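Undergrad: Predicted model and sequence below, questions to follow.
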Amino acid sequence: MADGLRVAVIGAGYAGMAAATELAAAGHAVDVFEASRVAGGRARAAQIEGFTVDNGQHILVGAYSETLRLMRAVGVAPERVLKRTPLRFEFPGEFLMQAPRLPAPLHTAFALLLAQGLDWREKLAAIGLMRGLQANNYRVAPDRSVTAWLDARKTPSRQRRLLWEPLCIAALNTPADRASAQVLANVLRDSLGGCREASDMLLPQVDLSALFPGPAAEFVRARGGSVRFGSRVAGLRREADAWWIDNQGPYRHAVLAVAPYHLGALLPELAPGVAHFDWEPIVTSYFRYPAAVRLPQPMLGVDGGLAQWLFDRGLLCGQDGLIAAVISARGRHLELPTAELEQAIHAEIARLVPGLPLPLKVQTITEKRATFACVPDLKRPPTRTALPGLWLAGDYVASDYPATLEGAVRSGVAAAREVLRG
Ligand SMILES: Cc1cc2nc3c(=O)[nH]c(=O)nc-3n(C[C@H](O)[C@H](O)[C@H](O)COP(=O)(O)OP(=O)(O)OC[C@H]3O[C@@H](n4cnc5c(N)ncnc54)[C@H](O)[C@@H]3O)c2cc1C
């Protein structure tokens, strides 16, 4: 800053490290305070017996333009760490949709036309639904639940079960009967409705801390800043036109990049703005099988199972025999004891992998507040707070996006740009 005051960022998740990167790239010294010992927040590396995995298996899509830009800015080549494949939505034996390598918008129409597991009537209805959205500029007004929106379009039930409902849970981490049709439409606009590359799936081949926030911390340090792990901030106060983070300061600007449920502990006056948020969980079970075990694809859907998606980490990142099973949003799985849930998922994997042996080890990570529930007309706070020099960043800050890495990164970039303007 012209007056030599540094900028403080609290939280080294994707939002905080995006803000810090953008500020450091503009020549500012930034101090990042992070409670945990690793970078990444809800998208961080975790250790399970002999493997570095993630606290939850994530996927990115080609439309994550800001995440990809900032990865490059901190020296991470997306081509090296992300496995890019055309969109492929598969429930073995039931449904397969894959985007052909055609220019937009043909890739989407052809993906739907060529989908296996839907009859012609259903395929045309699905194309009609996408075209209707496009004709309305992807506006769903008034906003309503995805179920109500599909009801109004008389969407056939098989198409809902195999296409729209799993897409909704995967993208919004909220069941269709509670999820915002407008936010789903925004996601469809930027992925299936965008250029073909935007709908590509990008599957991480390194852990989520190494994908961006770890290298971002190095980038910030190399530009005169600091990233202080194991530094839980207890409170902020404003004194003489500057912010003090506990007893550290003065800072002309502070970016609060913590999850909404941590805001109140830092500044109680911010808590009411997020008190109406509700949360959805994500469960990831890691099954370690003998190294020869393989799924037929790196990523597969499970129709009618407890698990929703399976990922072969051997095919993705060389962790042979390690399979991640993901269950997004709330559901009947939360009522089961962990051991029972793991047994049921093992049986689901066994249906896809003939002769599957028993797992050598299973570990389940439950993130109870993985994302906010993305309900219709959710009021999300803006970047700017009522307090001078204090900005919010995080996946929950007002935007078109559901709680995603890209939403978090964009919010961090937006907060940094406000700081740079001020
Ligand atoms: C299991 C799981 C699976 C997911 N799957 C996907 C996916 O496939 N694709 C996708 O795009 N998104 C996915 N998401 C969502 C994505 O991970 C989040 O939207 C994103 O990571 C949120 O980032 P954030 O920076 O806003 O918040 P956070 O990651 O929560 O970061 C906040 C940081 O602030 C720190 N902090 C809090 N309080 C303090 C304090 N007082 N002092 C210092 N530090 C503090 C925390 O330790 C944390 O590091 C998933 C999330 C989970 C949990």
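TA: It's in. Residues are numbered from 1 along each chain as shown.
Undergrad: Burial check on the closest residue to Arg161 other than its chain neighbours, number of neighbours?
TA: Nearest residue to Arg161, sequence neighbours excluded (CB to CB, 6 or more residues apart in numbering): Asp303, at 7.8 Å. All C-beta atoms are positioned from the backbone trio N, CA, C, and that covers glycine. Close neighbours of Asp303, defined as other CB atoms under 10 Å, add up to 17.
Undergrad: again with Leu352
TA: Residues near Leu352, counting by other CB under 10 Å: 17.
Undergrad: Kindly list the main-chain dihedrals of the nearest residue to it once chain neighbours are set aside?
TA: Excluding its sequence neighbours, the residue lying closest to Leu352 (CB to CB, 6+ apart) is Pro92, at 5.8 Å. Backbone torsions of Pro92, given as degrees, to the nearest 10, read phi -50, psi 130.
Undergrad: now swap in Ala8 and tell me
TA: phi -100, psi 140.
Undergrad: hmm, who's touching the longest strand seen in the chain?
TA: The longest strand of the chain (DSSP state E) is strand 361-372. For strand 361-372, contacts defined as CB atoms under 8 Å, 6 or more residues apart in numbering pick out 42, 46, 48-49, 55-56, 173-174, 259-261, 277-288, 328, 338, 341-342, 346, 378, 395-396, 402-403.
Undergrad: Generate a PyMOL selection restricted to the buried entries among those.
TA: The PyMOL command for the buried members of the contacts of strand 361-372 (criterion: 16 or more other CB atoms under 10 Å) is given here:
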select buried, resi 42+46+55+56+173+174+259+260+277+279+280+281+282+283+284+285+286+287+288+328+341+342+346+378+395+396+402+403
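Undergrad: Against the ligand, which of the contacts of strand 361-372 make the cut? List them.
TA: 42, 55-56, 259, 282, 284, 395, 403 (CB under 6 Å from any ligand atom).
Undergrad: Name the residues of stretch 64-74 that are buried.
TA: Going by 16+ other CB under 10 Å, stretch 64-74 has these buried residues: 64, 66-68, 70-71, 73-74.
Undergrad: So which other helices or strands are in contact with the lowest-mean-pLDDT helix or strand in the chain?
TA: Every helix and strand in the chain was compared by mean pLDDT, DSSP states H and E; the lowest is helix 106-113, with a mean of 72. Helices and strands touching helix 106-113, by 3 or more CB pairs under 8 Å, 6 or more residues apart in numbering; DSSP states H and E, are strand 95-98, helix 120-135.
Undergrad: if you average pLDDT over each of those, which comes out lowest?
TA: Here those differ in mean pLDDT, and the lowest is strand 95-98 at a mean of 84.
Undergrad: can you list contacts of that strand?
TA: 86-90, 111-112, 114-118, 162-163, 301, 303.
Undergrad: helix/strand/coil for His58?
TA: Recorded secondary structure, His58: coil (DSSP: H, G, I helix; E, B strand; the rest coil).
Undergrad: Next one: it from Ala46, what distance?
TA: Using CB to CB, to the nearest Å, one gets 12 Å for the distance from His58 to Ala46.
Undergrad: returning to that earlier point: and the helices and strands packed on helix 106-113, which is most packed in?
TA: strand 95-98 (a mean of 19; mean count of other CB atoms under 10 Å).
Undergrad: With distance to Glu79 added, can I get the helices and strands packed on helix 106-113 in a markdown table?
TA: Shown next, in a markdown table, are the helices and strands packed on helix 106-113 (distance: least, CB to CB, whole Å):
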| stretch | distance to Glu79 |
| --- | --- |
| strand 95-98 | 21 |
| helix 120-135 | 29 |
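Undergrad: With distance to the ligand added, can I get those in a markdown table?
TA: Shown next, in a markdown table, are the helices and strands packed on helix 106-113 (distance: least, CB to the nearest ligand atom, whole Å):
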| stretch | distance to the ligand |
| --- | --- |
| strand 95-98 | 19 |
| helix 120-135 | 21 |
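Undergrad: residues from the stretch 151-300 of the chain in reach of the ligand?
TA: Residues of the stretch 151-300 of the chain lying near the ligand (CB under 6 Å from any ligand atom): 232-233, 257-259, 262, 266, 282, 284.
Undergrad: Secondary structure for those residues - can I get that in TSV?
TA: Below are those laid out as TSV (three-state DSSP):
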residue	secondary structure
Arg232	coil
Val233	coil
Ala257	coil
Val258	coil
Ala259	coil
His262	helix
Leu266	helix
Ile282	strand
Thr284	strand
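Undergrad: Now flag whichever of those residues is closest to Gly249.
TA: Nearest to Gly249 among those, counting by CB to CB, is Val233 at 11.5 Å.
Undergrad: Let me see the contact set for that closest one.
TA: 10, 33, 35, 245-246, 266.
Undergrad: Please name the nearest non-neighbouring residue to the residue of the chain positioned farthest from its centre.
TA: Farthest-out residue of the chain from its mean C-alpha position, per CA atoms, centre = their mean: Ala240, at 38.5 Å. Distances taken as CB to CB, 6+ apart put Pro250 closest to Ala240, at 7.2 Å, once the chain neighbours are dropped.
Undergrad: Which pLDDT value belongs to the one you found?
TA: At Pro250, the pLDDT value in this model is 95.
Undergrad: and it, that one's in a helix?
TA: No - Pro250 is assigned strand when assessed by three-state DSSP, not a helix.
Undergrad: these two touch, right, it and Leu236?
TA: No - counting by CB atoms under 8 Å, Pro250 stays clear of Leu236, with 11.6 Å between them.
Undergrad: any common contacting residues for the two?
TA: By CB under 8 Å, 6+ apart, the residues touching both Pro250 and Leu236 are 243-244.
Undergrad: For the two, indicate the residue with more neighbours.
TA: Leu236 (20 against 16).
Undergrad: near the ligand, which residues of the stretch 1-150 of the chain?
TA: 10-16, 33-36, 41-43, 55-56, 58-59.
Undergrad: Drop anything exposed from the residues you listed.
TA: Counted by 16+ other CB under 10 Å, these give 10-16, 33-35, 41-43, 55-56, 58-59 as buried.
Undergrad: Point me to the residue of the stretch 101-250 of the chain nearest the ligand.
TA: Val233 (3.8 Å; CB to the nearest ligand atom).
Undergrad: That'll do, ta.
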